[in-house]
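>>> Prediction below, plus the sequence it came from.
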Amino acid sequence: MRRNASEGAPAEVFAAFLKLGLTSFGGPIAHLGYFRNEFVVRRKWLAEQNYADLVALCQFLPGPASSQVGIAIGLSRAGYLGALAAWSGFTLPSALVLVLFAYGLSAAGNALGSGWLHGLKVAAVAVVALAILGMARTLTPDRGRATLAVLAAVTALAIPSAWGQIGAIVLGALIGMAFLRAEPVTEQVQLKVPVSRTSGILALVIFAVLLAGLPLIAATTGNQPIRVFDTFYRVGSLVFGGGHVVLPLLQAEVVPSGWVGNDAFLAGYGAAQAVPGPLFTFAAYLGAVIGGWKIAALCLAGIFLPSFLLVVGILPFWEGLRRRRTTQAALRGVNAAVVGLLLAAFYNPVWTNGILTRADFALAAVAFLLLFLWRTPPWLVVLLCAAGGQLLTMAS
């Protein structure tokens with residue numbers, strides 16, 4: 001692997017990302033803003049255009065975009081250890097909090113039906129609604145892409161499994177290549193690539209072998225940890241559109257299988273909104289519910305490993321790919337389909353489990369107002385919803 005002239009130490013990278021992992025509330029778009037302020041404006045690790053190029057690359061890849069940008073910055077700054085340091089510093093704080101939350105939820109036992117837990121489900125309604133609104137404005141700006149988004153939502157609802165969601169994404173790419181080629185190809189400034197093509201090819205081969213081989217090994221052996229790792233690796237390999245889109249894929253994998261109850265799933269999703277760092281750390285919570293902290297670590301590794309392999313594998317080839325009209329057209333279609341997937345997830349399970357009464361609807365409306373117009377921090381809205389849910393239960 002080639003290294004940039006501006007090499008740093010992994011410890012320096014870890015410290016910088018740990019600060020962000022402890023303070024970066026607000027989701028992936030906000031994370032990218034924090035990264036820019038920290039690494040472009042303040043520390044000057046990257047030039048503005050190089051940072052924009054990294055963001056463009058990670059929007060193209062499946063998986064958590066902000067985490068992938070962090071991995072790429074760490075890789076550029078301090079090599080492979082720098083990539084690991086960046087991921088650890090940014091991810092582990094929220095993962096640890098969510099694992100502790102899972103243990104607390106388990107200790108609560110039959111409190112699963114209590115008001116504060118239902119308040120977390122209501123909070124999820126407001127948070128996902130806001131995510132759909134923000135993504136639709138950017139990713140479905142015309143009638144064609146809005147129609148594609150609705151078509152993807154219908155597909156996902158008609159085929160309520162991971163296959164329906166994957167089919168919607170493939171459909172989006174094909175329609176994009178066929179009908180969304182009219183926009184001019186965006187000109188890009190060359191991105192410095194810190195990884196050799198040989199390393200990139202090796203990483204992509206490992207990515208593909210694991211994606212194809214893990215399901216076979218899991219089916220052949222029936223080993224539970226391998227099945228769990230395969231599930232989270234597959235989700236981390238196939239999610240386009242960021243943290244909120246991981247919801248329907250994970251729900252389809254862990255709830256019908258009986259690994260996690262739907263109430264516990266939605267409670268964890270609500271709690272994940274109240275912690276800083278990437279939403280994909282929700283995987284650690286699910287792992288802790290499934291089998292304790294060891295499975296939590298396994299799920300966390302499984303869902304983030306594809307991001308490491310893809311960032312290392314694609315970086316050497318991204319410069320040529322991103323200039324192609326076909327790639328950009330397919331990406332427009334995939335992005336519109338992602339909005340549709342989130343819309344389907346908003347109906348089921350988010351809305352159907354969160355809004356049961358008129359009071360629930362009123363609480364969700366207030367939460368949405370606080371998030372959308374009053375710019376209230378998501379963690380505070382989640383706490384207010386939990387308290388509101390408990391009060392409504394006591395009053396009924």
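On my side now, so go ahead. Numbering: from 1, shown residues only.
>>> Can you get me the start-to-end distance on stretch 263-283?
16 Å (C-alpha to C-alpha, to the nearest Å).
>>> Kindly tell me how buried the closest residue to residue 158 other than its chain neighbours is, as a neighbour count.
Spatially, and ignoring its direct neighbours in sequence, residue 158 is nearest to residue 164 (6.8 Å; C-beta to C-beta, 6 or more residues apart in numbering). C-betas here are computed from N, CA, C, even on glycine. Neighbours of residue 164 under the rule other C-beta atoms under 10 Å: 19.
>>> Would you confirm that residue 164 contacts residue 155?
Yes. Taking C-beta atoms under 8 Å as the definition, residue 164 is a contact partner of residue 155 at 5.8 Å.
>>> As a check, name the ranges of all helices in the stretch 251-396 of the chain.
262-273, 282-291, 293-321, 325-345, 352-354, 358-372, 378-395 (DSSP state H, counting those that start in this stretch).
>>> On the three-state scheme, the residue nearest to residue 158 is what?
helix (DSSP: H, G, I helix; E, B strand; the rest coil).
>>> what residues are up against residue 371?
By C-beta atoms under 8 Å, 6 or more residues apart in numbering, the contact list for residue 371 reads 126, 127, 130, 378, 381.
>>> what's around the nearest residue to the second one once chain neighbours are set aside, how many residues?
Spelled out, that is residue 127. Nearest residue to residue 127, sequence neighbours excluded (C-beta to C-beta, 6+ apart): residue 273, at 5.1 Å. Neighbours of residue 273 under the rule other C-beta under 10 Å: 25.
>>> show me what contacts residue 273?
Residue 273 sits next to 123, 124, 127, 279, 378, 379, 381, 382 when contact means C-beta under 8 Å, 6+ apart.
>>> average model confidence for the helix or strand the second one falls within?
Using DSSP states H and E, the secondary-structure element containing residue 124 is helix 115-139. The pLDDT scores in helix 115-139 average 79.
>>> just the angle between that helix and helix 262-273, please?
60 degrees (axes from the mean of the first three to the mean of the last three C-alpha atoms, to 10 degrees).
>>> for the very next helix or strand once past helix 115-139, packing partners?
For helix 115-139, the succeeding helix or strand toward the C-terminus, using DSSP H and E, is helix 143-158. With contacts taken as 3 or more C-beta pairs under 8 Å, 6 or more residues apart in numbering; DSSP states H and E, helix 143-158 sits against helix 115-139, helix 162-179, helix 325-345.
>>> Check what contacts helix 143-158 and list those residues.
136, 139-140, 164-165, 167-169, 171-172, 175-176, 179-180, 248, 332-333, 335-341, 343-345, 347-348.
>>> Buried members of these into ChimeraX, please.
Here is the ChimeraX command that selects the buried residues among these (16 or more other C-beta atoms under 10 Å):
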select :136,139,140,164,165,167,168,169,171,172,175,176,180,248,332,333,335,336,337,338,339,340,341,343,344,345
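>>> got a list of what the residue nearest to residue 158 touches?
By C-beta under 8 Å, 6+ apart, the neighbours of residue 164 are 155, 156, 157, 158.
>>> so residue 23 touches residue 377, yeah?
No. Taking C-beta under 8 Å as the definition, residue 23 is not a contact partner of residue 377, at 11.1 Å.
>>> Quick check: the closest residue in space to residue 96 that isn't next to it in sequence vs residue 294, distance?
Leaving aside its sequence neighbours, residue 96 sits nearest to residue 284 (C-beta to C-beta, 6+ apart; 7.8 Å). Remark: distance between residue 284 and residue 294 (C-beta to C-beta, to the nearest Å) = 11 Å.
>>> Same check on residue 103?
13 Å.
>>> More neighbours: which of the two?
Ranked by neighbour count (other C-beta under 10 Å), residue 103 and residue 294 place residue 103 first, with 15 against 11.
>>> model confidence over the top helix by length along the chain, on average?
Ranked by residue count under DSSP state H, the longest helix found in the chain is helix 65-108. Taken as a whole, helix 65-108 has a mean pLDDT of 88.
>>> Just list what it packs against, helices and strands only.
Helix 65-108 packs on helix 10-23, helix 27-35, helix 48-60, helix 262-273, helix 282-291, helix 293-321, going by 3+ C-beta pairs under 8 Å, 6+ apart.
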